[in-house]
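Enquirer: Sequence first, then the predicted structure:
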Amino acid sequence: MGRMSDPATPPRSLAEALRARDDASLAVLLRSRPDLITPVPTDLTQLATRAGTRASVVRALERLDRFALQTAEALAVAADPASYDELLGLMTGDEGDPAVAGALPHALGTLRDQALVWGGDDRLRLVRTARELLAPSAQHPSPTGLGPTVPEASAGMSPGRIQEIVTTAGLPSTHDAVSAVASLSALFTDRRRMAALLAGAPEESLEVLSRLVWGPPYGQVTADPAPRLRWLLDRGLLLPTTPGTVVLPREVALHLRAGRAHRATEPLPPPVETASTHAPQVVDATAAGQAYTALATVEELLKDWHEGGPAVLRAGGLSVRDLKRTAVALDVPEPVAAFWVELAYAAGLLASDGEADERYAATPAYDEWLDQPSAQRWARLTEAWLTATRTAGVVGGRDAKDRALSALGPGLDRSAAPEVRHRVLALLAALPEGASPSAESVLARLRWERPLRGPQQEDDLRSRLARWTLTEAEQLGVTGRGALSGHGRALLGAPAPEHVAEEEPAGPGAKLPVHHRPIPSPEPLSPAEQAVASAAAARLLTPLLPEPLDHVLLQADLTAVAPGPLQRPLADTLGVLADVESKGGATVYRFTPGSVRRALDAGRSASDLHAFLAEHSRTPVPQPLAYLIDDVARKHGHLRVGAASAYVRCDDDAMLNEILADKRAAGLRLRRLAPTVLAAQADPAALLEGLRAMGFAPAAESAEGDVLITRADAHRTPPRTAPEPVPDGPPTPDATLLAAAIRAIRAGDLASTTPRRPSPAEAPVTGGELPRTTSAETLATMQAAVLTGEALWIGYVNAEGAASQRVIAPVRVEGGFVTAYDHTADEVRTYPLHRITGVAELAED
C-alpha cells in the first residue's frame, strides 16, 4: 500500500479510511499493531479511535525503521493535509535524490498499513496524535530541527509590528495582520524572491542563520540586539517567541536547506560488515566445543549446589558474596557466573526451595535433564536463553529506585531481550557461512531498524542487549569465532544458506548487502515452531560433540587424566574418590587421603575401590595409589564416634592416650570414661572433623554400633516451573484470531452503520443509540421477520449489564427466546426476549 489513486469520495476520517480497506489490509494493520485488538473493538469507529490513542501511537512510532520515521517526521512539518509531491520535496530537497524517491512509496505504505497516515496522495494526513508527538514545539523540538511556521511564531505579535516587518521586507502593506502574515509566508516560500532578499544580507547575519538552520532553531537575544540580529528581526527572518528568545521560522529554514526536512536521509539500512571469515567446519567445531563447555559449566554449578545452594536474600536473589563464591567455583568472572546462574534458572533447572531458611537448589527437572543426551540438553538451554526476558547483563546495576539488581532477583526482566536476540542471530544467519560480522555494523543496523526517539545514546538498552547477545551466543556455542554455526542456524528455523557467489566480497571489511538476502523468521518463532527448530539443531550438533568415555589414565603421581567427557556413573564415582585438580580439554583428578576417606565414608570398601580403578583405567593401577587406598582403609573406622553428646571409642587405648595428649584436642573437651572410651562435649560432626584435622581417620557409628555410611544427600526443590517471560506488549495474533477479529469488527460495523427504518410511533433512531420498543412491538416485529426472512437491528443487554447493537436474522421465536443468525458474531445464537431493549427494521437500501 504505497501511492494511492484518488478515490471518487475521499475519506473524511480515519474510520472511513479503515472502512474502505479490504480484509487483507486490516489483517496487516492488526498484525503490526496487536494492541488494537486487545480486546477486539466493536466496530471500525472504535478501532480508529483506539488507533489514535497516545499509548498506541507511541508504540507504533517506536517500531518504525529510521526512514519510515523520517517520513512521518516530514509529514508532521508539512501542511495538513499534504500532497505526495510536497512530501517528496521535503524528503529529497530541491536537487532530488533517486534513492529516497525510490524508497518513499514503501515507507509511506508502511505508515498507511499501520494507520498512522490516511487519505489519498493528494490529501495525506498524519493521525492527530502522531502530529502532536512529532511536530516542533518549544518544549519538544522536532528531530528535523525545524521550528514553527510564520503564522505559529507570529501569533502573539502586534499587528503594527507585523506591518513593520512586511514593509521592511519589501512587501506592500496590508489591511490586516492575517493577510500580512500570509504575504510574508509567501515570500519565504518563493525561492527566487528569498534568494534576492538574502543576497542583500550582511555576512554576519548569514552566519547567524547558518548556525540555526539545522537546529535547534531557537536563540537568545538581548534587549538591544546587535546589528546583525536587528537586520534579521526587522525582516522577519527571526521572530521573537518569548522575551529574550527568537526562532528561525520553518519556511526560512527550509529555503536555507534547499527544501530538505532532514540533514541526512537514510532510505536504506546500513549493511552488516564482515570482520573475518572462517571455514564453516572450523566454526561448527569451535561452537560445538563451546556447547560442551556450557553443559559442563551448568553441571558444575548445580553440582556445587548439590546439597543446598546459597541462601535467598530477603528481597530475593543471590547476594554479592555468594555470586563471588560461585564465580570462583566456576573459575569465571562474576558477570559470566551471573549469566550461567540465570540461564539455569530460565531453563527450570534451579529455583528456591521455599523452606523456612530459603535456599537455592536444583529442581527435579535437573535430574531429568542430566539423563538426556548432550545435544538435547544443549537445545533446552539455548531455547530457554532465546525466549527468556530475564537479562543477566543488568546484574550489578541499579533499578529506577536506585536498588541493586542481583542475580536471580527481581527487576531483571527486559521485554525486548527475546526480540533483540532473535534479530541479531537472524542478521548473522543472513551472512555467508563462516562470516563473522563486526559488532559496530550490527549495532548500526539495529539502530536503523529501531531508531531512538530523542537524542542518540551510545549505551541504549537495545545496543547493550545486542552486545550481550553476541557474547552469550559465543559462550553457549550458538556461534563459533563470531560466526553463526550450522546448528545455530537450525535453532532459528533457517536452512543452511547457499554458497555466496564468488564476485561478492567476503574478506575483512567487506560490506554485504544484507537487506537483499533472505533473513529467516523475521519474528521469533512460536513455541511449537521453536521446539521443532531446537530438535533439528540438536540433530546437527550430536555428531560434533565428543562421545563420553568409559576410562581414565592413572598416573604414578596419584592423579588420573580423563581425556574427554566421562560416562555419568564413572564421573560420579570418580568425583567422590578424587578431587578435580584442573579442567580443560582433559580433566585431571588427584587422589588424596581425604578423597579416599570420602569414598570409604560413602560405603565403598578398599576392594571395591581397587576393582573400580582396575576396570576403568587404561593403564595399570600405580603402586602408590594402591598403597594410599590400603593405608587409608586400614585406619578407617579404627576410631568410632557416636552420640553421647559425642564419644570416641577405640580398642587401642594407646591411641586414645595420644589424642588426649594432643594440644589440638583441647577444643573438643575430651575426658576418659573407660580405657577404650572418650567422651566429648562437642557434637559428633564437630568431633569427626576435629579428629580428621589431627590426622586420624575416625568413622561415625549408629546407636547400635554399626558404621554409618555417609553419602551427600541431593537437595532438591519441590517441582518448579521455569519463570515465564514478561511479554513486550500483546502477542502477535495468528491467522485464526485475525480472521475472527476482522469478522467481528465488520459485523459490529454493519450493526452500527446500517440505515434503519424509523418506527411510526417512535422518533427516528440515531446510530449511537439503542432502539427502544415495547415488549409487544418487539415480539410482533420478530415474528414478522421470521416470516419474511428480513434482518433486524436490535439493542441487547447481556447478563453483566453490557449493552451492544446487533444485526440479526430471526429464525424462530418461542418460549420467550428468539433464535437468529447474528451477523455480528457470524453464528446462530439464542437471545432472551426480555434482554432485547428494542428492535428496528433496516432500511431497504
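Expert: Yes, it's here. Numbers count the residues shown, from 1 in each chain.

Enquirer: drop to CA atoms for contacts and neighbour counts, all remaining ones
Expert: OK.

Enquirer: which stretches of the protein have low pLDDT?
Expert: Scanning the chain for pLDDT under 70 picks out 1-8, 452-459, 495-522, 585, 637-645, 703-714, 754-769, 824, 843-845.

Enquirer: longest helix in it, by residue count?
Expert: The single longest helix within the chain, with elements called by DSSP state H, is helix 280-304.

Enquirer: Compute the inter-axis angle for the helix or strand that that one is followed by and helix 280-304.
Expert: With elements assigned by DSSP states H and E, the helix or strand that comes after helix 280-304 is helix 320-330. Following axes from the mean of the first three to the mean of the last three CA atoms, to 10 degrees, one obtains 120 degrees for the angle between helix 320-330 and helix 280-304.

Enquirer: So which elements touch helix 320-330?
Expert: Applying 3 or more CA pairs under 8 Å, 6 or more residues apart in numbering; DSSP states H and E, one finds that helix 320-330 contacts helix 280-304, helix 334-346.

Enquirer: neighbouring contacts of the longest helix of the chain?
Expert: Residues outside helix 280-304 that contact it (CA atoms under 8 Å, 6 or more residues apart in numbering): 326, 329-330, 340-341, 344, 350, 361-362, 374, 377-378, 433-434, 474-481, 483-487, 541, 544-545.

Enquirer: Take the helices and strands packed on helix 320-330 and write them to CSV, including mean neighbour count and distance to residue 311.
Expert: Output for the helices and strands packed on helix 320-330, formatted as CSV (neighbours: other CA atoms under 10 Å; distance: least, CA to CA, whole Å):
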stretch, mean neighbour count, distance to residue 311
helix 280-304, 20, 14
helix 334-346, 22, 14
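
Enquirer: Can I get these in JSON lines including distance to residue 792?
Expert: Putting the helices and strands packed on helix 320-330 into JSON lines (distance: least, CA to CA, whole Å) gives the following:
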{"stretch": "helix 280-304", "distance to residue 792": "66"}
{"stretch": "helix 334-346", "distance to residue 792": "55"}
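
Enquirer: right, and these - which one's nearest residue 55?
Expert: Smallest distance to residue 55 across these (CA to CA): 30.6 Å, for helix 334-346.

Enquirer: elements contacting the closest one?
Expert: Judged by 3+ CA pairs under 8 Å, 6+ apart, the packing partners of helix 334-346 are helix 280-304, helix 320-330, helix 374-387.

Enquirer: and the angle from the last one to helix 334-346?
Expert: Taking the same axes, to 10 degrees, helix 374-387 and helix 334-346 form an angle of 100 degrees between their directions.

Enquirer: immediately after helix 374-387, which helix or strand?
Expert: Tracing the chain past helix 374-387, the next element assigned as helix or strand by DSSP H and E is helix 417-429.

Enquirer: what separates residue 110 from residue 48, distance-wise?
Expert: Residue 110 is 17 Å from residue 48, where distance means CA to CA, to the nearest Å.

Enquirer: and residue 312, what does it touch?
Expert: So residue 312 contacts 318, 319, 352, 358, 359, 360 (CA under 8 Å, 6+ apart).

Enquirer: what does residue 813 give?
Expert: By CA under 8 Å, 6+ apart, the contact set of residue 813 is 782, 783, 786, 819.

Enquirer: quick one: which of the contacts of residue 312 has the most company?
Expert: With neighbours taken as other CA atoms under 10 Å, the top of those is residue 360, carrying 27 neighbours.

Enquirer: Relative to residue 715, how far out is it?
Expert: Look at residue 360 and residue 715: by CA to CA, they are 10 Å apart.

Enquirer: got it, and residue 796?
Expert: Taking CA to CA, one finds residue 796 at 60 Å from residue 715.

Enquirer: next one: residue 573
Expert: 18 Å.

Enquirer: what do you get for residue 158?
Expert: Residue 158 is 82 Å from residue 715, by CA to CA.

Enquirer: out of these two, which sits in the more crowded spot?
Expert: Between residue 158 and residue 715, residue 715 has the larger neighbour count (other CA under 10 Å), namely 17 against 10.

Enquirer: How many residues are close by the nearest residue in space to the more buried one that is not next to it in sequence?
Expert: Nearest residue to residue 715, sequence neighbours excluded (CA to CA, 6 or more residues apart in numbering): residue 307, at 4.8 Å. By the criterion of other CA under 10 Å, residue 307 has 15 neighbours.

Enquirer: ok, now residue 363?
Expert: Residue 363 is flanked by 23 other residues according to other CA under 10 Å.

Enquirer: likewise residue 219?
Expert: Other residues within reach of residue 219, judged by other CA under 10 Å, total 16.

Enquirer: Residue 734 too?
Expert: Residue 734, neighbours per other CA under 10 Å, totals 11.

Enquirer: Over to residue 156?
Expert: 11.

Enquirer: roughly how far apart are residue 120 and residue 393?
Expert: Applying CA to CA, the value for residue 120 to residue 393 is 47 Å.

Enquirer: make that residue 629, sorry
Expert: Taking CA to CA, one finds residue 629 at 47 Å from residue 393.

Enquirer: show me what contacts residue 189?
Expert: The neighbours of residue 189, taking CA under 8 Å, 6+ apart as the test, are 251, 252, 255.

Enquirer: Try it again at 7 Å.
Expert: For residue 189, the contacting residues are 251, 255, by CA atoms under 7 Å, 6 or more residues apart in numbering.

Enquirer: What of residue 413?
Expert: By CA under 7 Å, 6+ apart, the contact list for residue 413 reads 389, 390, 391, 726.
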